[in-house]
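>>> Build me a model from this:
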Amino acid sequence: MDLGSGIRKALAKITGASVVDEAAVKELVKELQRVLISNDVNVRLVFDLSKRIEERALKEKPPARLSLREHVVRVVYDELEKILGEKYEVKLEKQKILVCGLFGAGKTTSIGKMARFYQSKGLKTAVVAGDVHRPAAFDQLKQLSEQVQCGFFGLKGEKDAVKIARDSLQSLKDFDVLIFDSAGRSAFDDELVTELKAVNEVLNPDQKLLVVSADLGQVAGKQAQEFDKAIGLTGVVITKMDGSGKGGGALSSVAVSGARVAFIGVGEKMTDLEPFNPESFVGQLVGFADLPALLEKVKEVSDEAALEQALESGKLDFESFLAQMRAMKKMGPLKQIMQMLGMYDVPEEMVSQSESRLQSFEHAVLSMTKNERKEPELMKNKSRQQRVAKGSGLKDDDVRELVQNFERVQKMMKMAKGNRGLMKRLGKMAPNLGGLK
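Numbers count the residues shown, from 1 in each chain. Predicted coordinates for the structure are as follows:
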């Protein structure tokens, strides 16, 4: 069972219980133990955690304005957050980052994501191809650098990683952030340690990050200890958090090992890398909305000129409506956006239907004439709707639904016109709201 859905189902036994008593709390703790252990969290850690949850839930007096149910949920939230370590504070300044890890962890891809992350924060970033043992590493990193539009340095065919490190410092001295991709291995061995230490000495990095896969579960903590002993880690990047049943085990074991989780990979896109925040992560596990993350997503896709003009004037046409839909697509999978709003267990069928409807709406708008996009009133005409339906390969009812949803968004924007901040948030999210009736 997925860690988040398992925890939420366990908490539902408390929030849905007619009476919250000692028996209900013990049942909750028992279910939490089952969920955590099945997700590869260390057994001793699980029992220590569940003991603290039970003691606090039964002995602590609920704070003012919190019901006993809310107090129990809050205790679970607090204790889960404690085992995941501290929030990672990203330094947005000039720096050198050495990245290490074994084969299969997603090290090179994570470097591309990190480069994109720092670039998005206004820092001139470059990556260095220093993995001299994996044949495809040079070309892969070069392609990723082109994809995220950052600087690149490498010496194709060069087998001396120390020389590459030394030359990169000179070649990339005008960049703010330099990210060095070191050699991977199939296992942690003396040869790897020797090379890492030599590169570390020449590069003198400000950050040393280990990349591990969430699939490792508790083994991630052991890897963190080994690499930390070799070069002194400042953080760990955990990849594949979106598709592994062992993510909880990896996170907790890394934190217990004394290392800090720096970033987590939550998808395949270059935007799917997040600085690790235990508060936000645990909030997602227990079902709390993550509105700060959602608003950050909204901010990242707010560059469409038509959309900005509509928000400034409070007027909406199909041109700006199209920009809204494209902005929604940029924000990521609809399921991820729903989870940020606290909607964690929405049926997959509903999600896929909503994404399909969003795609159909885009096809319909693209089938309109320029005049129809600028003058929305024209699309109330039935014959125009039929023509657009035919041109976009949709049913007449689909186009009629688009027009109706457009009118709803128009009304929302008129209502929000006096509230600039609210208008911006609603305006960028509204296309989806119409499709989830």
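>>> Quick check: which ranges of this structure have low pLDDT?
Across the chain, the ranges flagged by pLDDT under 70 are 1, 243-245, 288-315, 324-356, 409, 412-437.
>>> can you list the domain ranges for it.
3-82, 95-282, 293-435 (automatic domain parsing).
>>> Between the two ends of the longest one, what distance do you get?
With CA to CA, to the nearest Å as the measure, domain 95-282 spans 30 Å from end to end.
>>> And that domain, how far out from the chain middle?
Remark: domain 95-282 is offset 17 Å from the chain centroid, using CA atoms, centre = their mean, to the nearest Å.
>>> Tell me the buried residues in the helix or strand where Arg69 lies?
Arg69 belongs to helix 68-82 when elements are defined using DSSP states H and E. For helix 68-82, a neighbour-count test (16 or more other CB atoms under 10 Å) marks Leu68, Arg69, His71, Val72, Val73, Arg74, Val75, Val76, Tyr77, Glu79, Leu80, Glu81 as buried. Quick note: C-beta positions are derived from backbone N, CA and C, even for glycine.
>>> Can you show me the strands along the stretch 51-200 of the chain?
Residue ranges of the strands in the stretch 51-200 of the chain, as given by DSSP state E, counting those that start in this stretch, are 95-100, 125-129, 151-153, 177-181.
>>> Dump those to CSV, plus mean neighbour count and distance to Glu55.
Written out in CSV, the entries for the strands of the stretch 51-200 of the chain read as follows (neighbours: other CB atoms under 10 Å; distance: least, CB to CB, whole Å):
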stretch, mean neighbour count, distance to Glu55
strand 95-100, 24, 40
strand 125-129, 27, 47
strand 151-153, 21, 53
strand 177-181, 28, 45
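>>> Of these, which is nearest Phe281?
Using CB to CB as the measure, strand 95-100 is the one of the strands of the stretch 51-200 of the chain that comes nearest Phe281, at 21.8 Å.
>>> helices or strands up against that closest one?
For strand 95-100, the packing partners by 3 or more CB pairs under 8 Å, 6 or more residues apart in numbering; DSSP states H and E come out as helix 107-120, strand 177-181, helix 190-203, strand 207-213, helix 219-231.
>>> out of these, deepest packed?
With neighbours taken as mean count of other CB atoms under 10 Å, the helices and strands packed on strand 95-100 reach their highest mean count in strand 177-181, at a mean of 28.
>>> was I right about Arg134 contacting Phe103?
Yes - in this structure, Arg134 is within contact of Phe103 by CB atoms under 8 Å, at 7.3 Å.
>>> Mutual contacts of those two, please.
Common neighbours of Arg134 and Phe103, using CB atoms under 8 Å, 6 or more residues apart in numbering, are Gly184.
>>> Take the helix holding Arg69, keep the C-alpha atoms, and write them as PDB.
The C-alpha trace of helix 68-82 is given here as PDB (Å, rounded to 0.1, in the frame of the first residue of the first chain):
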ATOM      1  CA  LEU A  68      -9.500  15.200  20.700                       C
ATOM      2  CA  ARG A  69      -9.700  13.900  17.100                       C
ATOM      3  CA  GLU A  70      -7.700  16.900  15.800                       C
ATOM      4  CA  HIS A  71      -5.200  16.500  18.600                       C
ATOM      5  CA  VAL A  72      -4.500  12.900  17.700                       C
ATOM      6  CA  VAL A  73      -4.000  13.700  14.000                       C
ATOM      7  CA  ARG A  74      -1.600  16.600  15.100                       C
ATOM      8  CA  VAL A  75       0.400  14.200  17.300                       C
ATOM      9  CA  VAL A  76       0.800  11.800  14.400                       C
ATOM     10  CA  TYR A  77       1.900  14.700  12.200                       C
ATOM     11  CA  ASP A  78       4.400  16.000  14.700                       C
ATOM     12  CA  GLU A  79       6.000  12.600  15.400                       C
ATOM     13  CA  LEU A  80       6.300  11.700  11.700                       C
ATOM     14  CA  GLU A  81       8.000  15.000  11.000                       C
ATOM     15  CA  LYS A  82      10.500  14.400  13.800                       C
END
